[in-house]
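[1] Kindly generate the corresponding structure for this input.
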Amino acid sequence: MNNPLLKLKLDRNLINSTALAVYAAASICFFEWLFFFTKPSFLSALTTTESMQVLVVTILMVAMGAVVVHGLLWVIRAFLSKILKTQLSVFYVVVPFFLFWFLALLLIDNFSYTVFKFGIQNTHHGNKFFYGLFLCILGFFLCRKLHRDLSKDCSAGQLRLSLYGSASIVAVGFLVFMGKMVFSEIDAGTSIEKVAKERLPNILFVASDGIESDRLSLYGYRRKTTPFLDEFSKQSMVFENAYTNSSRTTGALTSMLTGKLPTETKVAFPPQVLSGKNSGEHLPGILKTLGYASHQSTVRYYADSFDLNMINGFDSANGRKPMDLMAGILPATWSVRLTHERLLIHRSMDRLQSRLLHLLGIRQMVNPFMAVKLDSYIYGTSDDQRIEETFEFVDGTSGPWFAHVHLMNSHCCPKKLKKRYRNFSVSTTGKSKKEKSTDVYDDMILAFDGYLKTIVDGLVDRQQLDKTIIIISSDHTYGWDVNERLPIIIRFPRGEYAAKYSVNTQLLDLAPTVLDYLDLGKPDWMEGDSLLGEKPSRIRPIYSVAETERRRDKVGKNKLSRLVDPSPPLYGLVKVAMTICQNQYTLNVRNGKFGVKKVKGHTDPCPTKDLPSNDEAKKMVVAHLNAKGFTLSFD
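    As a prediction, the model looks like this:
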């Protein structure tokens, strides 16, 4: 009984409650990690050992945060106790209570939705009240039990067990954390020269999903599908032979914003996300260091910078602000090294926050797997609303701004086009199914052209047209075929560089082009080329992810597309294409099958002697993949 830890009740309560906070942190981290580990997620591309390291370090981060908050509450309790002449022992259970209650909320909701198809997401009005009441009652009994347990006397052995057990959790986490800090290699980052804000132009990236050049009157299509663009192009750079770097939205837009190929970032399709140095190397991050305010209006899951782990990129994305508890606390290099730990904390907080806000009636909880609706509505957002929200952002910004808008009216399935968008498809009498589909797709492009006019008119009204770089493009073609050409149109302030260009270009070139216009050097990690000044070589190879192995899983009443296997050695890839001038060479990375075909509609074909032979081209593609860390098993 001479143990000094037992002499002061205050010390006993503090030690026990601190240990309990560490155990609570470890518990919630473990179950959240298990949730993501056992489903397609950002952990899927990691080995089991790497995923375990993520768990251990995340426990350390959350436990230390819990201990700090717990310590602050103890100081407040000590201060108030002297004033109020009472122990206020309830302060000891605040942190453990909330951690255990959050864990119970997530576990119960996951269980009820999995087994009974009923959870917080589909509660409304009356049943929302009863669900919330149940959780409040559960919280009451949990709080009472924790308070009673901490009020009980304990032996020196029990006290030592609590102390050593929690200390062991922290110690193991610290050792793994130090290993990651010492042995992971991260570049120091890109040094960006500061530019005076008053001479920085605004930057607008605007695209519509699944648009191909061959169907735009600007590119010679027989129908007048782009009357506005036809005139607007006279003040713009128009690239006749432009290509995507991925057949799917995720890989294409990630490449556009990072200036890196999908084979470099290993991001082609969900659940892949940016990790390591790739998460911090991108155009939005560079622009932020220059003082740009930024906004993104795209689609969750497939093209959202927060979902794709673009660190320090956009200020807002699809109605959300970044919820990163580590921002501003961790050094930049630590943030990059701890990418997956930060993601685990962020995704868990997002899951918790969405449920609490739904129960409180503040914000409707939405399943992110329902992101793509065929009627162009995403989370209840239409393309009209996207444009309206973007201009609200513009109007609320005093300095230079960067906006990325991805319209979805043209996404997929022509039969879902709303009546107000129909022009060519008004009459269907005597037309074949193919003709009807053609008419509706042409109307989709006409609608996109109308949206572009709305955007440009809005800039004119705000006297910002000649203060803004406008880049118009698409992510992929209508049939997800990398062999088809995309539109790329760039209008610089005052119509600088306006002309038509036949050189092969790609989405990868857009970020370097913007930096070149700002008189900033291209970072070494960017793989694209500026389209200003001296143009890229005609025979420059353009690499694209042509096909991935995907599956569609049923999630409630909806289906979620994801990669079957996003992990090494192939990272979910099936085919990789290389375009040189008018030839496109395609390699099946699974069986080694290789083919070549002509690009449809290429406007400036090269002489055959300037093109590589099939054998030479195959060696180039294989060498590219090997250099990017892919392991090919065929001969």
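
[2] At which residues are the strands of the chain located?
    Here the chain has its strands, by DSSP state E, at 202-208, 237-243, 293-297, 316-317, 401-407, 468-473, 486-491, 499-506, 542-548, 550-555, 558-563, 573-580, 583-588, 594-598.

[3] mind pulling up the phi and psi values for residue 397?
    Dihedral pair for residue 397: phi -110, psi 130, per degrees, to the nearest 10.

[4] Just the CA trace of stretch 277-296, in CSV.
    Output of stretch 277-296 as CSV, limited to C-alpha atoms (Å, rounded to 0.1, in the frame of the first residue of the first chain):
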residue,chain,number,x,y,z
LYS,A,277,4.8,12.2,-52.9
ASN,A,278,2.1,12.1,-55.6
SER,A,279,-0.5,13.3,-53.1
GLY,A,280,1.4,16.6,-52.7
GLU,A,281,2.6,17.1,-56.3
HIS,A,282,-0.1,18.7,-58.4
LEU,A,283,-1.2,21.9,-60.1
PRO,A,284,-3.8,23.0,-57.5
GLY,A,285,-1.1,22.8,-54.8
ILE,A,286,1.3,24.9,-56.8
LEU,A,287,-1.4,27.5,-57.4
LYS,A,288,-2.2,27.6,-53.8
THR,A,289,1.4,28.5,-52.9
LEU,A,290,1.0,31.5,-55.3
GLY,A,291,-2.1,32.7,-53.4
TYR,A,292,-4.9,31.3,-55.6
ALA,A,293,-8.3,30.5,-54.0
SER,A,294,-9.6,27.3,-55.5
HIS,A,295,-12.9,25.5,-56.0
GLN,A,296,-13.8,22.1,-57.6
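
[5] for the record, mean pLDDT for it?
    Mean pLDDT, computed over stretch 277-296, is 92.

[6] go on, stretch 40-57?
    The model assigns stretch 40-57 a mean pLDDT of 85.

[7] Setting aside sequence neighbours, what's the nearest residue to residue 255?
    Ranked by CB to CB, 6 or more residues apart in numbering and with sequence neighbours excluded, the top spatial neighbour of residue 255 is residue 245, at 4.1 Å. Backbone N, C-alpha and C define where each C-beta goes, glycine included.

[8] on that earlier part again, figure out which of the strands of the chain is closest to residue 134.
    Closest approach to residue 134 among these is made by strand 550-555 (24.8 Å; CB to CB).

[9] Scan this protein for its longest helix.
    Longest helix in the chain, counting residues (DSSP state H): helix 48-84.

[10] chain center to that helix, what's the gap?
    Centroid displacement of helix 48-84 relative to its chain, using CA atoms, centre = their mean, to the nearest Å, is 29 Å.

[11] Same question for that helix: list its buried residues.
    By 16 or more other CB atoms under 10 Å, the buried positions in helix 48-84 come out as 51, 53-67, 70, 73-74, 77.

[12] Equivalent analysis for stretch 163-179, please.
    166, 169, 170, 173, 176, 177.

[13] and what of stretch 340-356?
    340-348, 351-352, 354-356.

[14] List the contacts of that stretch.
    Here stretch 340-356 makes contact (CB atoms under 8 Å, 6 or more residues apart in numbering) with 28-29, 32-33, 36, 41-43, 46, 50, 54-55, 57-58, 61-62, 102, 105-106, 109, 120-121, 273, 275, 306, 309, 311, 323-326, 335, 363, 365-366.

[15] how far is that stretch from where the chain is centred?
    Counting by CA atoms, centre = their mean, stretch 340-356 is centred 14 Å from the centre of its parent chain.

[16] picking up where we left off before, could I get the strands of the chain as TSV with distance to residue 426 and mean neighbour count?
    Output for the strands of the chain, formatted as TSV (distance: least, CB to CB, whole Å; neighbours: other CB atoms under 10 Å):
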stretch	distance to residue 426	mean neighbour count
strand 202-208	21	23
strand 237-243	30	24
strand 293-297	30	23
strand 316-317	37	20
strand 401-407	22	25
strand 468-473	27	22
strand 486-491	25	25
strand 499-506	33	20
strand 542-548	36	26
strand 550-555	33	12
strand 558-563	31	18
strand 573-580	38	23
strand 583-588	37	22
strand 594-598	36	14
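
[17] Just tell me which of the ones you listed ends up closest to residue 391.
    In terms of CB to CB, the element of the strands of the chain nearest to residue 391 is strand 401-407, at 9.2 Å.

[18] And that closest one, what does it pack against?
    Where contact means 3 or more CB pairs under 8 Å, 6 or more residues apart in numbering; DSSP states H and E, strand 401-407 is packed against strand 202-208, helix 249-258, helix 283-289, strand 293-297, helix 383-395, helix 433-461.

[19] out of the ones you listed, deepest packed?
    For the helices and strands packed on strand 401-407, average neighbour numbers computed from mean count of other CB atoms under 10 Å are highest in helix 249-258, which has a mean of 28.

[20] same for that helix, what does it pack against?
    helix 262-265, helix 283-289, strand 401-407, helix 510-517.

[21] hey, C-alpha coordinates of it in PDB?
    Provided in PDB are the C-alpha atoms of helix 249-258 (Å, rounded to 0.1, in the frame of the first residue of the first chain):
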ATOM      1  CA  THR A 249     -12.600   9.700 -65.600                       C
ATOM      2  CA  THR A 250     -10.500   9.100 -62.500                       C
ATOM      3  CA  GLY A 251      -7.200   8.500 -64.300                       C
ATOM      4  CA  ALA A 252      -7.800  11.200 -66.900                       C
ATOM      5  CA  LEU A 253      -8.600  14.000 -64.500                       C
ATOM      6  CA  THR A 254      -5.900  13.000 -62.000                       C
ATOM      7  CA  SER A 255      -3.400  13.100 -64.900                       C
ATOM      8  CA  MET A 256      -4.700  16.500 -66.000                       C
ATOM      9  CA  LEU A 257      -4.300  18.100 -62.500                       C
ATOM     10  CA  THR A 258      -1.000  16.400 -61.600                       C
END
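
[22] and it with helix 510-517, angle?
    Here helix 249-258 runs at an angle of 20 degrees relative to helix 510-517 (axes from the mean of the first three to the mean of the last three CA atoms, to 10 degrees).

[23] tilt between helix 249-258 and strand 573-580?
    Relative orientation of helix 249-258 versus strand 573-580 (the same axes, to 10 degrees): 50 degrees.

[24] who's in contact with helix 249-258?
    Contacts for helix 249-258 (CB under 8 Å, 6+ apart): 205, 209, 244-246, 260-262, 265, 267-270, 272, 274, 278, 281-284, 298-299, 302-303, 305, 308, 310, 313, 404, 406, 473, 475-476, 507-508, 510-511, 526, 545.

[25] Around residue 462, count how many other residues there are.
    Other residues near residue 462 come to 14 when the count uses other CB atoms under 10 Å.

[26] Could you double-check that it sits in contact with residue 397?
    No - using CB atoms under 8 Å as the test, residue 462 is too far from residue 397 to be in contact (10.9 Å).

[27] If we ignore the residues flanking it in sequence, what's nearest residue 103?
    With CB to CB, 6+ apart, the residue lying closest to residue 103 is residue 28, at 4.3 Å.

[28] Who are the contact partners of that neighbour?
    Contact partners of residue 28, counting by CB under 8 Å, 6+ apart, are 62, 99, 100, 102, 103, 106, 348.

[29] Kindly recompute the last result at 10 Å.
    58-59, 62, 66, 98-104, 106-107, 348, 352 (CB atoms under 10 Å, 6 or more residues apart in numbering).

[30] The residue minimising distance to the centre of the chain and residue 243, how far apart?
    For the chain, the residue nearest the mean C-alpha position is residue 308 (2.2 Å; CA atoms, centre = their mean). As judged by CB to CB, to the nearest Å, residue 308 and residue 243 stand 21 Å apart.
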